[in-house]
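Novice: Build the 3D model from these lines:
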Amino acid sequence: MGLDPGDSYNNSGVNGLVTTSDAIKASTDADNADFYFFVLQKNATGQLYGSFFGQVNGQLGDHVDGGTSRFDDQGVIYQAICANCDGGARFPTTAGVIYSTNGALSIGGCNEAAVKIAFHFAGVAAGLKSVTHGRGDSVGCVPLAVSFSDTIRNAKSYIWNFGDGTIVDTTAAALDHTYNTAGDYLVTLIAIDSSSCNVADTAYRTILVRNNPAFLDFRYDKDGPCDQFNYIFTNLSTHATGAPAFTDTSFTWTFGDGSAPVRDGLTEQPTHAYSSPGPYNVTLTLVDTNYCNYPTDTVKLLYVAQNVKAQFTTSAFGCVPYTAVFSNTSVAGQKYYWNFGDESPIDSTDISPSHLYTNVGTYTVSLTAVDSTTCNITDTYTITINVQGKPTAGFTYTPLSPQPPNTPTIFTDASTPAVKYQWFFGDGSSETKTVPDTVIHQYNKTDTFQACLVVTNESGCTDTVCHPVTAVIDPLLDVPNAFTPGRFGQNAIIKVVGFGITHMTWRIYNRWGQKVFESNDPYYGWDGTNHGLLQPMDVYAYTLEAEFSDGTHATKKGDITLIR
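Specialist: Take a look at the predicted model:
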């Protein structure tokens, strides 16, 4: 990195020096007395930057009177310049400067100009960032997973030393590492670019891996008469062996009703009065930084009510085997006892359980909610569930593989009685029947398709069966040469006949070359009309272009006789 002050006073110039494409000023003035800023590659193997810099116009050039050049380690030049030497000169300035023109009116009068240019060619740099899957960015509990990254990312390669004996030489600017032993680990990141001026840069960070977590728990009890909403809370938290003792400021309580948090220790038993019934989330939070899992909390749902009221929701209908899911919506309650109506007197004590019914039947499900802090203590709620039987889906099909090409597949229902039969042929098409009918389907390409039948009985229960069905399709294309529109039967509409057609363009013209019909669908044919008008009995010409499912193409031309 350097600066060359071309000086018209000493007859030294900068003419002929090389500039780069990002130069501030690509060419020098006629007086050949600009400054020249340049940056060389390491060991002067090439030029990174070059630019002229100085005033425009004026009879006297820019110059330096000595001792005014400063260079810092980050590639920034600070330069004091005798500038605007001539009343008509224009020295380049940035917006907001105090003076942008020469204040000296006499010919040859100069002003002092302060110039700062940052080249940003200081070399490679390293910036080490860590994010723990625990607390903060450098502390957590063993095993501690840490995500490391280089925040600057201008290096070509990296050496990661995680401080626990693990060293990784890689081009990755970000790595994850897990510490399995407690301790203090000095992490070293060396960012390397051998082509840069400084070759390498190093960053450090200390990771603190601890094994002193706290385990949070608490209990709440009614304080006073059952018709009042006063509660006392007891901290039951413990900590790992060897961890420091809890202090009076290790925890905070939040009672879930919008009141201010309460700072308390392990031995304290705070009380709180709620103003109205309702569910409240009570939170005990560890705020002591002496524990590796700080900050952490535990939450318990407190139902505040004068009387406990058991209630729950579930679907009253299901198909065997049926897994019923119960959502407990009780008001108050500390313990819950469920009876699912099919086996043992008490089947679960979960808050909101699920239960599998394997037999058809009607079941009475009951929930008993118990809350010793309420006035009535217990309450019971029941719901009846109706579990219905499922149909059995089944079908056969012909022909079986191997089969003649272009043969349609015949599906025959073999299900138990149902009211709806949904056929899914595996090629994107489907068909629905209300009776156990035989279904014929023509596949359009050679492949094995997963054909499925879904049957539904009167109760709304369903069953599904699927079989792999193989189809063999040989591309084929043809058009009948005559048809009789306006009559009944298959000859009333003329269509393209073929197999394996995926795309097609079919156009029909009358004897005067006018297009009377066009179709892109082999199932959509001509009924002998054009814009709703009957076309006369005559011979019509057609062109047909088609693409098949195996990727081949075909074209066809011919005549069609319309007979009335």
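Novice: hey, let's count contacts and neighbours off CA atoms from now on
Specialist: Noted.
Novice: and residue 257, what are its phi and psi?
Specialist: Backbone geometry at residue 257, expressed as degrees, to the nearest 10, gives phi -110, psi 20.
Novice: Does it touch residue 279 like I think?
Specialist: No - under the criterion of CA atoms under 8 Å, residue 257 makes no contact with residue 279, lying 9.3 Å away.
Novice: separation between the residue most central in space within the chain and residue 523?
Specialist: By CA atoms, centre = their mean, the chain has its centre lying nearest to residue 147, at 19.4 Å. Residue 147 sits at a distance of 60 Å from residue 523 (criterion: CA to CA, to the nearest Å).
Novice: quick one, domains of this protein?
Specialist: For the chain, automatic domain parsing gives the domain ranges 1-122, 128-210, 214-304, 312-386, 395-471, 476-562.
Novice: who's in contact with the spatially closest residue to residue 376 that is not a sequence neighbour?
Specialist: The shortest distance from residue 376 to any non-neighbouring residue, by CA to CA, 6 or more residues apart in numbering, is to residue 307 (5.5 Å). Residue 307 is in contact with 332, 374-377, counting by CA atoms under 8 Å, 6 or more residues apart in numbering.
Novice: looking at the residues you listed, which has the most residues close by?
Specialist: Neighbour counts for the contacts of residue 307 (other CA atoms under 10 Å) peak at residue 332, which has 27 neighbours.
Novice: What sits closest to residue 538 if chain neighbours are left out?
Specialist: Per CA to CA, 6+ apart, closest to residue 538 is residue 562, 5.4 Å.
Novice: Is the one you found in contact with residue 539, as I believe?
Specialist: Yes - with contact defined as CA under 8 Å, residue 562 counts as touching residue 539 (6.2 Å).
Novice: out of the two, which sits in the busier spot?
Specialist: Per other CA under 10 Å, whichever of residue 562 and residue 539 has more neighbours is residue 562, with 19 against 15.
Novice: where does that one land on pLDDT?
Specialist: Looking at residue 562, its pLDDT stands at 96.
Novice: Pull up the gap between it and residue 496, please.
Specialist: In terms of CA to CA, residue 562 sits 15 Å off from residue 496.
Novice: cool, and residue 240?
Specialist: Taking CA to CA, one finds residue 240 at 81 Å from residue 496.
Novice: can you check residue 252 too?
Specialist: 80 Å.
Novice: Then residue 433?
Specialist: For residue 433, the distance to residue 496 - CA to CA - is 28 Å.
Novice: which of the two has more neighbours?
Specialist: When residue 433 and residue 496 are compared for neighbours, residue 496 comes out ahead with 20 against 14, by other CA under 10 Å.
Novice: how far away is that one from residue 184?
Specialist: Residue 496 is 80 Å from residue 184, by CA to CA.
Novice: likewise residue 457?
Specialist: Residue 457 is 67 Å from residue 184, by CA to CA.
Novice: Comparing the two, which residue is more hemmed in?
Specialist: residue 457 (18 against 15).
Novice: Next, the more buried one: phi, psi?
Specialist: Dihedral angles for residue 457 - degrees, to the nearest 10 - are phi -90, psi -180.
Novice: residue contacts, the residue lying closest to it once chain neighbours are set aside?
Specialist: Nearest non-adjacent residue to residue 457, counting by CA to CA, 6+ apart: residue 418, 4.2 Å away. Listed by CA under 8 Å, 6+ apart, the contact partners of residue 418 are 391, 435-436, 455-458.
Novice: which other residues reach whichever strand or helix holds residue 187?
Specialist: Assigned by DSSP states H and E, residue 187 falls within strand 183-192. For strand 183-192, the external contacting residues (CA under 8 Å, 6+ apart) are 124-126, 128, 155-164, 199-210.
Novice: Just the ones of the residues you listed in strands?
Specialist: Counted as lying in strands by DSSP state E, out of the contacts of strand 183-192, are 128, 157-161, 200-210.
Novice: Buried ones among these?
Specialist: 128, 157-161, 200-202, 204-205, 207-210 (16 or more other CA atoms under 10 Å).
Novice: Closest one of those residues to residue 232?
Specialist: In terms of CA to CA, no member of those lies closer to residue 232 than residue 210, at 33.4 Å.
Novice: what's across from that closest one in the sheet?
Specialist: Legend: beta-bridge partners of residue 210 under DSSP bridges are residue 141.
Novice: Touching, it and residue 141? I think so.
Specialist: Yes - counting by CA under 8 Å, residue 210 does reach residue 141; the two are 4.9 Å apart.
Novice: which neighbours do those two share?
Specialist: Shared contacts of residue 210 and residue 141, defined by CA under 8 Å, 6+ apart, comprise 182, 292.
Novice: follow-up on the earlier one: possible to save the contacts of residue 307 as a markdown table with secondary structure, distance to residue 473 and pLDDT?
Specialist: Listed next are those as a markdown table, based on DSSP: H, G, I helix; E, B strand; the rest coil; distance: CA to CA, whole Å; pLDDT from 0 to 100:
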| residue | secondary structure | distance to residue 473 | pLDDT |
| --- | --- | --- | --- |
| 332 | coil | 68 | 90 |
| 374 | coil | 76 | 92 |
| 375 | coil | 78 | 94 |
| 376 | coil | 76 | 95 |
| 377 | coil | 74 | 95 |
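Novice: Export those to JSON lines and append columns for distance to residue 101.
Specialist: Compiled in JSON lines, those are given as follows (distance: CA to CA, whole Å):
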{"residue": "332", "distance to residue 101": "82"}
{"residue": "374", "distance to residue 101": "87"}
{"residue": "375", "distance to residue 101": "90"}
{"residue": "376", "distance to residue 101": "92"}
{"residue": "377", "distance to residue 101": "91"}
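Novice: Which member of those is positioned nearest residue 466?
Specialist: residue 332 (49.0 Å).
Novice: who's the residue nearest to that closest one when sequence neighbours are not counted bridged to?
Specialist: Leaving aside its sequence neighbours, residue 332 sits nearest to residue 303 (CA to CA, 6+ apart; 4.2 Å). Beta bridges link residue 303 to residue 279, judged by DSSP bridges.
Novice: What residue, apart from its backbone neighbours, is nearest residue 164 spatially?
Specialist: Nearest to residue 164 is residue 185, by CA to CA, 6+ apart, at 6.5 Å.
Novice: Tell me, how many residues neighbour that neighbour?
Specialist: 18.
Novice: Is it correct that residue 201 is in contact with residue 124?
Specialist: Yes - counting by CA under 8 Å, residue 201 does reach residue 124; the two are 6.3 Å apart.
Novice: what ranges do the strands span in the stretch 351-500 of the chain?
Specialist: Applying DSSP state E, counting those that start in this stretch to the stretch 351-500 of the chain gives strands spanning 354-357, 361-370, 378-388, 395-398, 409-413, 420-424, 430-433, 439-441, 447-456, 462-471, 476-478, 482-483, 497-499.
Novice: contacts for the fifth one?
Specialist: What it means is strand 409-413. Against strand 409-413 from outside (CA under 8 Å, 6+ apart): 394-399, 436-443, 471.
Novice: sorry, back to before: confidence-wise, which of the domains of the chain is weakest overall?
Specialist: Looking at the domains of the chain, the bottom one is domain 1-122 with a mean of 72.
Novice: in stretch 343-355, what counts as buried?
Specialist: Those buried within stretch 343-355 under the rule 16+ other CA under 10 Å are 348, 351.
Novice: can you list contacts of it?
Specialist: Residues contacting stretch 343-355 (CA under 8 Å, 6+ apart): 323-328, 335-340.
Novice: Stretch 222-240 now?
Specialist: When contacts are defined by CA under 8 Å, 6+ apart, stretch 222-240 is touched by residues 211-221, 245, 266-277, 304-306, 373-375.
Novice: Show me what the residue nearest to residue 538 bridges to in the sheet.
Specialist: Note on residue 562: beta-bridge partners by DSSP bridges are residue 483, residue 538.
Novice: re the thing from before, list the neighbouring strands of the strand holding residue 187 plus their orientation.
Specialist: Assessed with DSSP bridges, strand 183-192 is paired to strand 157-161 (antiparallel), strand 200-210 (antiparallel).
Novice: No further questions, thank you.
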